[in-house]
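Undergrad: let me see the structure of the following:
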Amino acid sequence: MLYFFPRKYEDRSQMSLLRTAEPGSTVSIELTAKQTFMRPLRGRFSKLLEVKATDKENQWISLKWFRFFKGFDKKFESGTPFIAIGQIKVFGSSGREMVHPEIQFDTGDDLHVGRIVPVYTEIEGIPTKTLRRILDSAIHLGVDALNEELPSWALVKHRLPNIGTAIREIHFPSENYSKDETGAFANFRSPAHQRLIYEEFFKFEYHVIRQKLNHEKEKGPTLDAKKLAASLAGAKKKLPYTLTAGQDQSLKDIFTDLTQPHPMNRLLQGDVGAGKTAVALLTSFAAMDQGFQVALMAPTEILAEQHYNNILKFFGATAPVKMLVGKTPAAERRVIQARLDAGEAILIVGTHALIEDPVKFKRLGLVIIDEQHRFGVDQRRKLREKAIEQTGQQPHTLVMTATPIPRTLALTAYGDLAVSTIRDRPPGRMPIKTHLVHAGENAKMTDFIRKQLQEGRQAYYIFPLVNDSEEEGFTHLTSAVSAAETLANETYPEFKVGLLHGKLSANEKAAIMERFRRNEVQVLVSTTVVEVGVDVPNATVMVIEHAERFGLSQLHQLRGRIGRGRHASTCFLKTGRPPHIPTPERLEVMCETEDGFKIAEADLELRGPGEFLGTRQSGALPFKIASLVRDQDWLLKARDDVLDLLKNDPDLKTPENVSFKRYVESKGRVESAHLKTS
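TA: Modelled structure (predicted):
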C-alpha cells in the first residue's frame, strides 16, 4: 500500500472565491448550501441532483450530480457549510457550475483540503476520499518500519531524503512547501519523487550491470584475429556492393569481441534495410572458417527463407549453409543432424525448430538472433544451452533488431549487452515520401498508384484486420479480405491482386510472396505479416489503411518494406478522419521523418518502453514511478553511481554499503532473477 503512489496532485492549499475563479480551473471553495433540487431525467440517468450554494461573498454557484448515493441529497440542508473541489464551468450569461465536485463536509479535516492533495488511480468500489484515509492510516502504521536499502553515500551525494520521509512526503506533502515546490510535486520533481526514482534506477542498473560483468567472467570460444581479418577480406569480395561505414564499424566491434576469452553478448541495431544481415553473414563465415558451427534464428519461416536465399545468392550454391524450419522433411533433418554431429563447420538458418530437442550442435560457436524482440528470454537461452551441453562454453551471441532503440532504453533493458549501431543509409536507396490521406481524398491516391502499376511497379495495401469484425469498436474498419475483392474487381481490374495474412498456412504464404516477388501479382493486400522479412525492390507504393490503429514503430517497420530498390517510393497513411479533425501525433511524426532513431525517441515519449521490449522480460521494466522519458537525468546518475560501486566495493563490504548488501541478499535475489536476460 505504501508503494501505491499518487498519479497526480491537486493544489488545495488556498481557498478560492467565485469572483476570481477562472472558467476551466480546478479550485477549492468554501460554500454554504441554500437550495436542493431533485430533477427527473430521461435515458440513462433517472435523476439529477442540483445544489445551489453561495460563497463568502454571497456569489452563487450550482453543483450537479448525475450519479450519487442514497441519502446524499439530505446532507445539503439549507445553511450547511462545506467545501467543494472541482472544475469551474460557465453556463448562460453569468451562471457558474461544478459537475460532480468532490465534497468535504468536515471543514476541519485537513486530509482532503488546505494542502497539496494526492490523487490516486481509482479502485472500483473505493471512493477517492476513503482511499486517501486508508493510505494515511497505512503511513502511520508502517512507514517507520521500512528499512533503508540505498547506500548511505548515495543519499548524501544527491541530498535525498531517507525512505520513510520520502514515502510520507510522496503521499501527503507537508504544509511547509512553497508555491514553486507545489509545482515540483505536480511534475514529479520533489525530493521525495527524486529519491524513489533514483532508487528504482539504482537497483535496476545494479542487477543489469552485474549480470554483464558475470557474463564476462564466463569462458567462451576465442577466435584468432589474423584469421578473422583474412576471412572478412575474402568474403567481402563476394558481396555485390561496398559496406557502409556503419557496417565496417560494427564488424570491427564484433571481431574485437570474438577474440576475447569470454563470450560476446552484443546487440546490432539499425534502421530497416541498414545492412545488419550482411554484417551477420560476414561474421558467420569468419567463425566457420575457424571450425565453428553457427545458428541463425529468425522469427518466421518467410524471414528464414529470405536469409537462406540471400546467402546462396551472395556466396554460391556450394556455401556450407542449411535451412531448418517446421516444414523441413524428416530425411533432410537427418542429413543436417549428421553434418552437425560430425562437427562440420556449417551455418544453420532456421526458426524455433533450432531449439527443439532433437537438434544438437557439436561445436556451436556463434548464435545470431534476428528480430530479437520477438523471442522470449527462455528461447534464446535454450539455443545457447545447446552449445554448453557439448563444449562447456557459452557461444558468442549477436542479437539484431530493426527497431532502433533509444539510448535510455538501451542503458536499462539492454544494459547487459554491448551495442553496435548502423546509422548509414544503404547506397542507392531512394527516400520515401509519406503522405496523410484523409476521408474523401482517396481518388487522387488511387490515380497515383494506377500510374505506378502501369509503369511496372508494385504496391502493398496493409490492413489491421483479416476479416470484417462485428465487435464493438471495429465495425467501421475495412478488412483485408473484403478490400482485396474490391481492389481486384473494381479499383484495379486490369492488374493481379493477391491476399496475404497470418491465417494462411506457411506454404500458402510462401507461394503468394514468391508470386509477388516475380511480379506475377502487382497489388499485395496484407495484414502486418509483411512487417518483417519481405524484400521486393520493385514495390514502390504502400497504403496503410486505418493507420491510426498502428503504433509508430510498427508503421515505420511496415514502411520499410518499400524504398528498397532504385525507384522513388511513396507511403500513404490513410485515416477515416476528415481534414479538420486533428490526426494522432504519431502520424505527423511519420510524415516528418524517415530516421528510425528519431521515430524511436518519439515512440518512447508517446507510448513508453513496451514496444521496444517485446517479450524480453516477463514483467517488462519494473518501474512504479520512474519514467525513462521524464527522468533520463536520474537514470544516468544512477548508472554512473552503480559503476563506481562495482569498481570500488564489488562485494559490498564497507559500512556505508551495508544497507544495500542486505537488500541484494534478500529481495534483490528475486528481482535479479526476474530481470535475467541471458
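Undergrad: ok, residue 519 - how many residues close by?
TA: Applying other C-beta atoms under 10 Å, we find 14 residues neighbouring residue 519. For glycine as for every other residue, the C-beta is placed from the backbone atoms N, C-alpha and C.
Undergrad: check residue 446 too.
TA: Around residue 446 there are 15 residues (other C-beta under 10 Å).
Undergrad: beyond the lowest-mean-pLDDT helix or strand in the chain, next helix or strand please.
TA: Across the helices and strands of the chain, mean pLDDT, DSSP states H and E gives its lowest value to helix 610-613, namely a mean of 52. Where DSSP states H and E defines the elements, the next helix or strand beyond helix 610-613 is helix 632-648.
Undergrad: got a list of contacts for the helix or strand just after that following helix?
TA: Past helix 632-648, further along toward the C-terminus, the next helix or strand under DSSP H and E is helix 658-665. Outside helix 658-665, the residues that touch it by C-beta atoms under 8 Å, 6 or more residues apart in numbering are 147, 148, 149, 150, 151, 152, 203, 206, 645, 652.
Undergrad: in the next helix or strand after helix 658-665, what counts as buried?
TA: Downstream of helix 658-665, the next assigned helix or strand under DSSP H and E is helix 667-674. Using 16 or more other C-beta atoms under 10 Å as the test for burial, helix 667-674 gives 668, 671, 672.
Undergrad: my read: the last one touches residue 207, true?
TA: Same thing as residue 672. Yes. Between residue 672 and residue 207 there is a contact under C-beta atoms under 8 Å: 4.4 Å.
Undergrad: can you get me the start-to-end distance on stretch 319-337?
TA: 17 Å (C-alpha to C-alpha, to the nearest Å).
Undergrad: ugh, wrong one, I meant stretch 115-127
TA: The first-to-last residue distance of stretch 115-127 comes to 19 Å (C-alpha to C-alpha).
Undergrad: tell me which residues are up against it.
TA: Defining contact as C-beta under 8 Å, 6+ apart, one finds that stretch 115-127 is touched by 4, 6-13, 128, 131-132, 134-135, 171-173, 175, 177, 182, 185.
Undergrad: what's the answer for stretch 579-599, then?
TA: 270-272, 402-404, 406, 423, 431-432, 434-436, 438-439, 441, 547-548, 551-553, 555-556, 559, 571, 573, 575, 577, 602-603, 606.
Undergrad: just the buried ones from these, in ChimeraX syntax?
TA: Applying 16+ other C-beta under 10 Å to these leaves a buried subset, and the ChimeraX line that selects it is:
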select :270,271,272,402,403,404,406,423,432,434,436,438,547,548,552,553,555,556,559,571,573,575,602,603,606
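Undergrad: so which of the contacts of stretch 579-599 sit within helices?
TA: Judged by DSSP state H, those include 552, 553, 555, 556, 559, 602, 603, 606 as members of helices.
Undergrad: biggest separation within those, which pair?
TA: Using C-beta to C-beta, the ones in helices among the contacts of stretch 579-599 reach their maximum pairwise distance at 559 and 606, which is 17.0 Å.
Undergrad: ok, which stretches of the stretch 301-450 of the chain are strands?
TA: 321-324, 347-350, 364-369, 396-401, 418-422, 432-437 (DSSP state E, counting those that start in this stretch).
Undergrad: columns mean pLDDT and distance to residue 542 on top of these, output as a markdown table?
TA: Converted to a markdown table, the strands of the stretch 301-450 of the chain look like this (pLDDT from 0 to 100; distance: least, C-beta to C-beta, whole Å):
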| stretch | mean pLDDT | distance to residue 542 |
| --- | --- | --- |
| strand 321-324 | 94 | 28 |
| strand 347-350 | 94 | 27 |
| strand 364-369 | 93 | 27 |
| strand 396-401 | 90 | 21 |
| strand 418-422 | 88 | 23 |
| strand 432-437 | 93 | 8 |
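Undergrad: quick one: closest of those to residue 538.
TA: That would be strand 432-437 among those, by C-beta to C-beta, at 14.7 Å.
Undergrad: mind giving me the packing neighbours of that closest one?
TA: Strand 432-437 is packed against strand 569-574, helix 585-592, with contacts defined by 3 or more C-beta pairs under 8 Å, 6 or more residues apart in numbering; DSSP states H and E.
Undergrad: pick the most deeply packed of these.
TA: Mean neighbour count (mean count of other C-beta atoms under 10 Å) peaks for strand 569-574 among the helices and strands packed on strand 432-437, with a mean of 24.
Undergrad: what angle separates that strand from helix 552-559?
TA: Computed with axes from the mean of the first three to the mean of the last three C-alpha atoms, to 10 degrees, the direction of strand 569-574 lies at 140 degrees from that of helix 552-559.
Undergrad: then strand 569-574 to CSV, C-alphas only?
TA: Extracted in CSV, the C-alpha atoms of strand 569-574 (Å, rounded to 0.1, in the frame of the first residue of the first chain):
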residue,chain,number,x,y,z
SER,A,569,8.8,5.2,-53.3
THR,A,570,5.6,6.6,-51.6
CYS,A,571,3.8,5.7,-48.5
PHE,A,572,0.1,6.7,-47.9
LEU,A,573,-1.2,6.7,-44.3
LYS,A,574,-5.0,6.5,-44.6
